[in-house]
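Novice: Need coordinates for the below:
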Amino acid sequence: MFETARFMTEVKDRYNLSSDYALADKLGIAQPEANLIRRGLKVPKPELCIKIANLLDKNPVELLLIAQKDKAPARAKEYWKLALTGVDVMLHVPKRPHYLPKKVEAIGRELRQLESQT
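Specialist: From the prediction side, this is the model:
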């Protein structure tokens with residue numbers, strides 16, 4: 001099951017959509033596609049990720065990275081997870097930080113460790 005599926009459920013809940021037909025209509029896609037994505041059997045295309053992000057007031061980059069992680073082969077999923085963590089940190093760091101967050105340092109260590117393994 002793909003992680004992107006939970007965002008389809010969030011759209012259904014936020015907009016009180018009672019069926020996959022209503023969800024598909026809201027997203028401008030066919031009902032079978034909405035159903036497959038919601039059940040975690042298909043990864044949405046980038047354009048749809050952006051539309052979903054806008055409906056949920058989320059940063060589209062987050063959904064795009066999650067979709068890439070979902071599509072990636074098992075051995076590459078960890079890289080996409082790290083990229084998502086890096087973006088999450090960048091989006092939530094204050095404009096004028098007084099310190100280097102420990103999370104950023106930890107990501108740097110992990111990336112260096114992964115690079116040394118390849």
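Novice: tell me the mean pLDDT over the one helix or strand residue 6 maps to?
Specialist: When elements are assigned from DSSP states H and E, residue 6 belongs to helix 5-14. In this model, helix 5-14 has a mean pLDDT of 95.
Novice: Check which helices and strands it sits against.
Specialist: Contact partners of helix 5-14 among helices and strands, from 3 or more Cβ pairs under 8 Å, 6 or more residues apart in numbering; DSSP states H and E: helix 20-27, helix 31-38, helix 46-55. From N, CA and C alone the C-beta is placed, and that goes for glycine too.
Novice: low-scoring stretches of this protein, by residue?
Specialist: Scanning the chain for pLDDT under 70 picks out the ranges 92-101, 118.
Novice: ok, now with 80
Specialist: Low-confidence segments of the chain (pLDDT under 80): 1, 87-108, 115, 117-118.
Novice: JSON lines for the helices and strands packed on helix 5-14, including distance to residue 91?
Specialist: Listed next are those as JSON lines, based on distance: least, Cβ to Cβ, whole Å:
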{"stretch": "helix 20-27", "distance to residue 91": "24"}
{"stretch": "helix 31-38", "distance to residue 91": "24"}
{"stretch": "helix 46-55", "distance to residue 91": "12"}
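Novice: Indicate which one of these is closest to residue 9.
Specialist: helix 31-38 (6.5 Å; Cβ to Cβ).
Novice: before we move on, the earlier item: can I get the helices and strands packed on helix 5-14 in CSV with distance to residue 5 and mean neighbour count?
Specialist: Shown next, in CSV, are the helices and strands packed on helix 5-14 (distance: least, Cβ to Cβ, whole Å; neighbours: other Cβ atoms under 10 Å):
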stretch, distance to residue 5, mean neighbour count
helix 20-27, 12, 18
helix 31-38, 6, 19
helix 46-55, 11, 17
